[in-house]
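1. one predicted model, sequence on top.
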Amino acid sequence: MNNKNIQQNIKEKLNNNDLIITKADKNAGLVILNKNLYIEQTLRFFEDNNIKELKNNPMLSYNGKLTPTLKNCLPTLQKLLATINKHTIKEKNPRIPVLYSMIKLHKPDKKNYFQLEEEDVENIISLIKLITKQNFFAFWDKLYIMANGLPMGSSLSGVLADIYMDFIEKQIMIIPLSEFIVFWRRYVDDVFCIWSGNEKDLDSFLEILNSQFNVKFTLEKAIDNTINFLDLRIQLKLDETYNFEFDIYRKPTSTDVILFLMTLIILHI
């Protein structure tokens, strides 16, 4: 049986059983699941994150704002990248982004210097505002818009999210009960914290965090003075030293997939 027949057989089995194939989060492989469950879970995510269905296509209105904004900001963009011009900066036939859900299987040297004028700063702010308004997408033949948060899939969203997290961390250090924070370090959206208060104070502190900021904080407490953080297992030694011991941690869903030595790798990406 050739590859074409195999693909056709797989497609028929998926269609006949109302199944769908999608990616797992963080490159953990592929997942096959019921199509209705896939849609139901995605729509529940929309509901939990204030994502609203749209009745009209917003692309025409968005393009109407995009063209004059890019024209005004072109001199600033050319300072960042000299090869940019009015013909290459805009996609000729833009389409609405199509969303697909990824299944979460785990728990949760060269520098360029240039001078920016006040007008450049205003242009960059205009561009950022425009990019964050491209927060609409299509899912299962319907259009949706995110009422809160940043556009999913945008290369700028991660940077803006990190800036926002840095901002709220400064606020966290002055809210009630923050005096019990002995140590606080964050990597993207994971925080390692050492708390000197009791568990009741810690639970109250979590409630304050979730009531004051538009970010959902969850809490995982150490068991037997040991906690897993990123790829580390960290243990606090309850002796006269109070030192930490570290070990490698692998999530239960880790595939341990590594690249073969002779795999083609594009080094400049």
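-> Perfect, thanks for sending it.
2. and stretch 201-208, how far from the chain's centre?
-> 25 Å (Cα atoms, centre = their mean, to the nearest Å).
3. ok, now stretch 45-57?
-> 18 Å.
4. quick check: residue 14 touching residue 21?
-> Yes: Residue 14 is within contact range of residue 21, at 6.8 Å (criterion: Cβ atoms under 8 Å). Using the backbone N, CA and C atoms, a C-beta is placed for each residue, glycine as well.
5. list the residues that contact both of these two?
-> By Cβ atoms under 8 Å, 6 or more residues apart in numbering, residue 14 and residue 21 have these common neighbours: residue 32.
6. how about the nearest residue to residue 180, chain neighbours excluded?
-> Once flanking residues are discounted, residue 180 sits nearest to residue 197: 3.5 Å by Cβ to Cβ, 6 or more residues apart in numbering.
7. in three-state terms, label that neighbour for me.
-> coil (DSSP: H, G, I helix; E, B strand; the rest coil).
8. how about the one 10 residues further on?
-> Three-state assignment for residue 207 (three-state DSSP): helix.
9. what helices and strands are in contact with the longest helix along the chain?
-> For the chain, the helix with the greatest residue count under DSSP state H is helix 59-80. On a contact count with 3 or more Cβ pairs under 8 Å, 6 or more residues apart in numbering; DSSP states H and E, helix 59-80 meets helix 118-132.
10. and the longest helix of the chain with helix 118-132, angle?
-> 140 degrees (axes from the mean of the first three to the mean of the last three Cα atoms, to 10 degrees).
11. next one: helix 59-80 to chain centre, how far?
-> 25 Å.
12. and the contacts of that helix?
-> For helix 59-80, the external contacting residues (Cβ under 8 Å, 6+ apart) are 84-86, 89-90, 94-96, 114, 116, 119-120, 123-124, 126-127, 130, 133-134, 136.
13. what residues sit buried inside it?
-> 66, 69-70, 73, 76-77 (16 or more other Cβ atoms under 10 Å).
14. try stretch 151-170
-> Buried residues in stretch 151-170, counted by 16+ other Cβ under 10 Å: 151, 157, 165.
15. how near is the residue most central in space within the chain to residue 8?
-> Taking Cα atoms, centre = their mean, the centroid of the chain lies closest to residue 158, which sits 6.2 Å from it. Residue 158 is 39 Å from residue 8, where distance means Cβ to Cβ, to the nearest Å.
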